[in-house]
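> Could you work out the structure for the sequence below:
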Amino acid sequence: MERYNVIRNKNQREIVLLKSFPCAWGKCKFCDYINDNSRNEEEMTVFNSRILSRVTGELGVLEVINSGSCFELPKATLEEIRKIVHEKNIKELFFESHWMYRHKLNEMRDFMGIPITYKIGVETFDYGFREQYLNKHADFKTPDEVAKFFDSPCIMVGIKGQTREMIDYDIRMVKKHFRLGTINVFTNNTTQVKKDQELVEWFIKTYEWLKEDPSIEVLYENTDFGVGD
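Numbering: from 1, shown residues only. Predicted structure coming up:
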């Protein structure tokens with residue numbers, strides 16, 4: 001599995017995929033990503049240190065992702081990230097967090113000492129589909145609520161049961177309320193949630209213009225950031 005890459009198109013940055021403790025929620029119906037976590041803190045710390053040693057700071061921006069939220073990374077790993085930020089002259093971090101940690105975001109900003117752009121896995125702003133089917137455990141009702149805390153929502157498209165109208169609405173809300181966003185085309189995995197290929201083809205054709213939108217990154221495959229498998 002690749003765990004380090006340099007993104008050189010939109011929002012240029014280095015990106016690392018680290019190991020963390022289990023996701024505090026860990027019950028999203030579509031997610032088997034949590035299999036990448038661990039409970040062995042010492043082992044994770046050594047492993048993450050090896051990945052972080054590849055960071056050069058060449059772009060001044062670093063994104064750190066893991067199988068859950070940034071708050072579930074080992075303390076020693078967070079301390080090492082902070083050290084790298086200052087040694088490599090990094091000016092901005094990208095982290096991801098679950099909705100449940102929304103009141104802790106500024107604590108991490110204070111700890112790191114530099115601006116943090118926070119991503120959140122919204123999946124969809126359709127409350128019923130998000131909560132009753134995807135089991136996301138994120139009880140916000142409107143995009144405004146999310147925008148009060150987070151900078152960049154991650155939206156998922158191409159799931160059986162999803163509609164074109166849901167996708168249209170989600171993309172409008174991302175463009176209206178947020179300065180950045182990520183669109184993830186769903187990939188079949190080990191869960192019972194399945195890809196709707198017809199819906200995916202419609203999305204790719206209808207939203208081809210997003211390729212040129214500097215504020216939106218579209219992941220047609222879940223490895224398009226160059227990390228993961």
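> For the rest of this, base every contact and every neighbour count on C-alpha atoms.
Fine.
> which intervals of this protein have sub-threshold pLDDT?
Across the chain, residues meeting the criterion (pLDDT under 70) sit at 34.
> cutoff 90 now
Low-confidence segments of the chain (pLDDT under 90): 1, 9, 26, 31-36, 67, 221-226, 228-229.
> All the helices of it, residue numbers only.
Listed in chain order, the helices of the chain (DSSP state H) span 41-52, 75-87, 105-112, 127-128, 143-147, 164-177, 197-206.
> Is it possible to get CSV of those that adds mean neighbour count and distance to E212?
Putting the helices of the chain into CSV (neighbours: other CA atoms under 10 Å; distance: least, CA to CA, whole Å) gives the following:
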stretch, mean neighbour count, distance to E212
helix 41-52, 16, 31
helix 75-87, 16, 30
helix 105-112, 14, 30
helix 127-128, 14, 29
helix 143-147, 16, 23
helix 164-177, 16, 14
helix 197-206, 14, 13
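> of those, which approaches S67 most closely?
Ranking the helices of the chain by distance to S67, with CA to CA as the measure, places helix 41-52 first at 12.4 Å.
> The closest one packs against which elements?
strand 13-18, helix 75-87 (3 or more CA pairs under 8 Å, 6 or more residues apart in numbering; DSSP states H and E).
> before we move on, back to that, kindly reformat the helices of the chain as JSON lines and extend each row with distance to F30.
Rendered in JSON lines, the data for those read as follows (distance: least, CA to CA, whole Å):
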{"stretch": "helix 41-52", "distance to F30": "25"}
{"stretch": "helix 75-87", "distance to F30": "28"}
{"stretch": "helix 105-112", "distance to F30": "25"}
{"stretch": "helix 127-128", "distance to F30": "15"}
{"stretch": "helix 143-147", "distance to F30": "21"}
{"stretch": "helix 164-177", "distance to F30": "17"}
{"stretch": "helix 197-206", "distance to F30": "16"}
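> Out of the ones you listed, flag the one nearest E217.
Each of the helices of the chain was scored for nearness to E217 using CA to CA, and the closest is helix 164-177 (11.6 Å).
> hang on, the earlier thing: out of the helices of the chain, flag the one nearest L59.
Comparing these by their distance to L59 (CA to CA), the top pick is helix 75-87, with 11.8 Å.
> What is the closest one packed up against?
In terms of contacts (3+ CA pairs under 8 Å, 6+ apart), helix 75-87 is packed against helix 41-52, helix 105-112.
> Adding distance to L210 as columns, could you present the helices and strands packed on helix 41-52 in a markdown table?
Formatted as a markdown table, the helices and strands packed on helix 41-52 follow (distance: least, CA to CA, whole Å):
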| stretch | distance to L210 |
| --- | --- |
| strand 13-18 | 19 |
| helix 75-87 | 31 |
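> about what we covered before: redo the helices and strands packed on helix 75-87 as CSV? Include distance to Y169.
Supplementary listing: the helices and strands packed on helix 75-87 in CSV, determined by distance: least, CA to CA, whole Å:
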stretch, distance to Y169
helix 41-52, 38
helix 105-112, 27
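> To L73, which of those lies closest?
Using CA to CA as the criterion, the shortest distance between L73 and the helices and strands packed on helix 75-87 is 8.8 Å, found for helix 41-52.
> How far off centre is the closest one?
Distance of helix 41-52 from its chain centroid, counting by CA atoms, centre = their mean, to the nearest Å, is 20 Å.
> how much does it deviate in direction from helix 75-87?
Here helix 41-52 runs at 20 degrees with respect to helix 75-87, directions being taken by axes from the mean of the first three to the mean of the last three CA atoms, to 10 degrees.
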